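**Student:** any chance you can model this:
(4 chains)
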Number of protein chains: 2
Amino acid sequence: MTRARRESAGRPRRPTMVDVAREAGVALRTVSRVVNNDPTVGPEYVTKVEAAIAALNYRPDDRARQLRTGVTGTIGAAVRRIAEVNPELAAIERTARDSGLTLLAASTDFDEARERDILISMCRQRLDGIIVEPFGENHAYLQPELDAGMPLVAMDRPMSGVSVDCVMSDNASGIGIAFHHLHRHGHRRIAYIGDSERVFSGRERAAAFRAALRAHGEGVEGLVHPGEITAERVAAALETALRGPEPATALVTGNMDTTLTVLRQLGPQAAARLALVGFDEVPLADLLQPALTVVAQQTAEIGRTAVELLRARMADPARPVQTVVVPVALKVRGSGELPA
Amino acid sequence: MTRARRESAGRPRRPTMVDVAREAGVALRTVSRVVNNDPTVGPEYVTKVEAAIAALNYRPDDRARQLRTGVTGTIGAAVRRIAEVNPELAAIERTARDSGLTLLAASTDFDEARERDILISMCRQRLDGIIVEPFGENHAYLQPELDAGMPLVAMDRPMSGVSVDCVMSDNASGIGIAFHHLHRHGHRRIAYIGDSERVFSGRERAAAFRAALRAHGEGVEGLVHPGEITAERVAAALETALRGPEPATALVTGNMDTTLTVLRQLGPQAAARLALVGFDEVPLADLLQPALTVVAQQTAEIGRTAVELLRARMADPARPVQTVVVPVALKVRGSGELPA
DNA sequence: GTGAAAGCGCTAACAC
DNA sequence: GTGTTAGCGCTTTCAC
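**Tutor:** Modelled structure (predicted):
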């Protein structure tokens, strides 16, 4: 009766294994064996079953298989942005695919509530594991899921409130490298503009820059400008850094958004004269004039490691929690080598 | 016994509705009602059940719900690249979310076999619908899925071998706009470099460019260069177009990859002198010198429409197949307004 | 209003 | 080797 109802609703019923078994004249179990390539099935049965499958256009229902076996063969990635340049995500996808895992990717969109919705939904779907580029400030609500055995790995930033595996860049070294590169090219007043210190990486990078200034006996005043990345805030920071009594001759930007905002605020002429090293790779950096010197994160390595950590956790839920720090690399292209 | 085995394997068992019902001292059905916010449950039952849920850290298993109800609440997007700038995908995600649908995004990665694997896998998962940016040349293998009622929408390109809803840009108009813009700025020898004519959009755009040339009484020889987008091929095309006896004074590029390859091949100085209009928006187009004039696709509109078409198809499997053509828009920024 | 029982489509015991 | 049976965790008839 259920069936009759559904058919009359307009949607054609899909054949199930039962239908295939009847069509082939074999038992349900045999069809299941053929579908799963069980080598212990007699070849004549294989032929019969495959014929029936083709005749009915049968497609196994993965949902039922997943419910029965308990595994989905799918891992989730909750990143701040899919649909933007995101080499970590690309590496995650590649690595997952190579491991025979399907990737379910979703954007948290810099929204704490949305991040929570997505993570909870992934848990309800009983995905085999989750990689998250955390955004929210408190993830204690995930503790029950972790207790229930859900494998979870943090990428780019650690999580607060729960203890999970994590892979991230060596932010402090990257800022140090940028500073020293400019210093070596003769600059003595070097300024920093970057993300808000409410954000983990913003905090780490601003602190590392202050440390670099102090290590060279320089004062900090007027040179370190963390904060929201808006045109107004960045313009004000540039004004302070470059127009004061002791103007900076070089600039380090703390992430890609900052770099682009700075370039747009300065305009092509001024930008071409300012020594600049950006943290994070920038698309088309090589086409700008001068081409942009950056400290690049090893994004492919980060994404790959995230999947490796996740797989290790899936294989052994009891293994100790691990944090992997990936080194960064300076890409010398021109803007960072301008003289003072 | 099964349970004991699984527990001994190290993975803690998650509580099910049965456990919640026992804990709360109510029937299974009542727990289901509470979980689904059925308003006909007595308030004291709601309290008891919610207490039990909290006590056990119960999370419903979506797989079981999906199997039972037949719907997943999830649509799939098989695009050529997630993890690259992909405004269509961003719009799909936004629109899907606004409709209460989860998005499962996967990269076909310009690989026909992979596209096939992904689409078949999405069908096996019985997703509620699929949006595909088709890459392969023959999708007849999807016919059984369509017959079985799987809603499917093509984006950016039509599909061959099956008849499905489609949303795409007005390629021909876009090329015409680019040509006329350069023509209006005094150029008479205008060349075209673009994607291979094996690709649908490459075919449409090259044909439109030839038509524009002819409409202005110009010859075609040496001016139209469709083909693979490699540094060598583009360099050769540039050589032919710009260094011949009648060198072109302006150039139309057929997609983003072509535009970037041309800019890299020319180098900053030569690029700054060539009148250029690109098809497709380019990241950081405003930061180049001169800023890049492009024919931009209305990507947000395309992604939104793809979801709308899919939802319409899900609601009414019998509705006639529809193709939506979205207009393009010229973005005047500098490179396309250089004199001859 | 609530509760018992059937069943979504599949896989895994177990006997044959 | 193959067939029968139970059950994954949930929703949904139906009687109460």
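**Student:** use CA for all of it now, contacts and neighbours both
**Tutor:** OK.
**Student:** where in the stretch 1-150 of chain A is pLDDT low?
**Tutor:** Applying pLDDT under 70 to the stretch 1-150 of chain A flags residues A:1-12.
**Student:** which parts of the stretch 51-200 of chain A sit against DNA strand C?
**Tutor:** A:59, A:60, A:61, A:62, A:64, A:65, A:67, A:68, A:69 (C-alpha under 7 Å from any atom of the strand).
**Student:** columns neighbour count, secondary structure and distance to residue B:101 on top of those, output as a markdown table?
**Tutor:** Shown next, in a markdown table, are those (neighbours: other C-alpha atoms under 10 Å in any protein chain shown; DSSP: H, G, I helix; E, B strand; the rest coil; distance: C-alpha to C-alpha, whole Å):
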| residue | neighbour count | secondary structure | distance to residue B:101 |
| --- | --- | --- | --- |
| A:59 | 21 | coil | 24 |
| A:60 | 20 | coil | 23 |
| A:61 | 18 | coil | 20 |
| A:62 | 19 | helix | 19 |
| A:64 | 16 | helix | 21 |
| A:65 | 15 | helix | 23 |
| A:67 | 18 | helix | 21 |
| A:68 | 12 | helix | 25 |
| A:69 | 9 | helix | 26 |
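**Student:** now tabulate these in TSV and tack on distance to residue A:120.
**Tutor:** Below are those laid out as TSV (distance: C-alpha to C-alpha, whole Å):
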residue	distance to residue A:120
A:59	29
A:60	27
A:61	24
A:62	21
A:64	21
A:65	22
A:67	18
A:68	22
A:69	21
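**Student:** got a pLDDT number for residue A:311?
**Tutor:** According to the prediction, residue A:311 has pLDDT 98.
**Student:** is any residue of the helix or strand harbouring residue A:303 near chain B?
**Tutor:** Assigned by DSSP states H and E, residue A:303 belongs to helix A:299-315. No: judged by C-alpha under 8 Å from any C-alpha of the partner chain, helix A:299-315 stays clear of chain B, getting no closer than 9.9 Å.
**Student:** chain center to that helix: distance?
**Tutor:** Taking C-alpha atoms, centre = their mean, to the nearest Å, one finds helix A:299-315 lying 11 Å from the centre of the chain it belongs to.
**Student:** quick one: contacts of it?
**Tutor:** Around helix A:299-315, the neighbours that count as contacts under C-alpha atoms under 8 Å, 6 or more residues apart in numbering or on different chains are A:87-92, A:95-96, A:128-131, A:151-156, A:165-169, A:319, A:326.
**Student:** which SSE is immediately downstream of it?
**Tutor:** strand A:323-326.
**Student:** pairing partners for that next one, with directions?
**Tutor:** strand A:165-169 (parallel) (DSSP bridges).
**Student:** give me the residues contacting the partner strand.
**Tutor:** A:152-158, A:297-298, A:302, A:305-306, A:309-310, A:321-328.
**Student:** same thing but 6 Å
**Tutor:** A:153, A:154, A:155, A:156, A:321, A:322, A:323, A:324, A:325, A:326, A:327 (C-alpha atoms under 6 Å, 6 or more residues apart in numbering or on different chains).
**Student:** got the angle between it and helix A:299-315?
**Tutor:** Counting by axes from the mean of the first three to the mean of the last three C-alpha atoms, to 10 degrees, strand A:165-169 lies at 170 degrees to helix A:299-315.
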